[in-house]
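Trainee: Just need the structure, nothing else, for what follows:
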Amino acid sequence: MDALRQALGDPPGFPNAMGQHEPALGESVLGYALAWSPVPFVRRLLAMGADPSAPADDGFPPLHTVLSLDRPDRLERLRLLLAAGADPDQRGLNDWTPLHHAVWNRDREALRLLLDHGADPSLAVRLDDFTTPLEDAEALGLTDMAETLRAAAPRTHRKACDD
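Mentor: Numbering: from 1, shown residues only. Predicted structure coming up:
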């Protein structure tokens, strides 16, 4: 990890910054690693303090990056981020929440993981049609995902009210 830090010019805030290399490699070491590095490397970055909810000007904060991957280990990466405290409701591209992303990807396993970590199925996008993940699932004819979201709505709403 020291060699990587030095190769990046020892940027302040490492591993949450990439210094002069940001435009070429993305906004953070973690964002790049999620797409291209082995899981143990991602785990080490998180242990070093990489922010699992780091903002991203490109619309792909960590959870959204993982949800957009076509990798066999994407769910393991998703679990790592959620266990490290990633915000399951963080907005991304098109103001989607991770649940919107999971619905549009028809990713039932990711949907369940996000809900198990407190994602709020009642959050609507704040542009275009102002839809919730449940409304998107219904519009796409994803009956099973819509039922999962419908069943989770009261549970997550109660959790929010208890906080």
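Trainee: What is the burial count for the closest residue to residue 150 other than its chain neighbours?
Mentor: Spatial nearest neighbour of residue 150, chain neighbours left out: residue 134 (6.1 Å); criterion: CB to CB, 6 or more residues apart in numbering. Backbone N, C-alpha and C define where each C-beta goes, glycine included. For residue 134, the neighbour count with other CB atoms under 10 Å is 22.
Trainee: Need the residues that contact the host helix or strand of residue 134.
Mentor: Taking DSSP states H and E as the definition, one finds residue 134 inside helix 133-139. Residues outside helix 133-139 that contact it (CB atoms under 8 Å, 6 or more residues apart in numbering) are 97, 99-100, 102-104, 111, 121-124, 131, 143, 145-146, 149-150, 153.
Trainee: ok, residue 149 touching residue 114?
Mentor: No. Counting by CB atoms under 8 Å, residue 149 stays clear of residue 114, with 10.3 Å between them.
Trainee: Quick check: closest non-adjacent residue to residue 148.
Mentor: Using CB to CB, 6+ apart, the nearest residue to residue 148 is residue 111, at 6.2 Å.
Trainee: Geometrically speaking, which residue is the centre of the protein?
Mentor: Geometric centre of the chain, nearest residue: residue 63, 1.1 Å, by CA atoms, centre = their mean.
Trainee: residue contacts, the residue nearest to residue 148?
Mentor: The neighbours of residue 111, taking CB under 8 Å, 6+ apart as the test, are 99, 102-103, 133, 145, 148-149.
Trainee: I'd like to know which of those is nearest to residue 33.
Mentor: Within the contacts of residue 111, the smallest distance to residue 33 is 21.4 Å, found for residue 102 (CB to CB).
Trainee: so what does the host helix or strand of that closest one touch, helix or strand wise?
Mentor: Here residue 102 sits within helix 98-104, counting by DSSP H and E. Judged by 3 or more CB pairs under 8 Å, 6 or more residues apart in numbering; DSSP states H and E, helix 98-104 is in contact with helix 62-67, helix 108-116, helix 133-139, helix 143-162.
Trainee: With distance to residue 52 added, can I get those in CSV?
Mentor: Output for those, formatted as CSV (distance: least, CB to CB, whole Å):
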stretch, distance to residue 52
helix 62-67, 5
helix 108-116, 13
helix 133-139, 21
helix 143-162, 20
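Trainee: worst average pLDDT in those helices?
Mentor: Among the helices and strands packed on helix 98-104, helix 143-162 carries the lowest mean pLDDT, a mean of 73.
Trainee: Great, nothing more from me.
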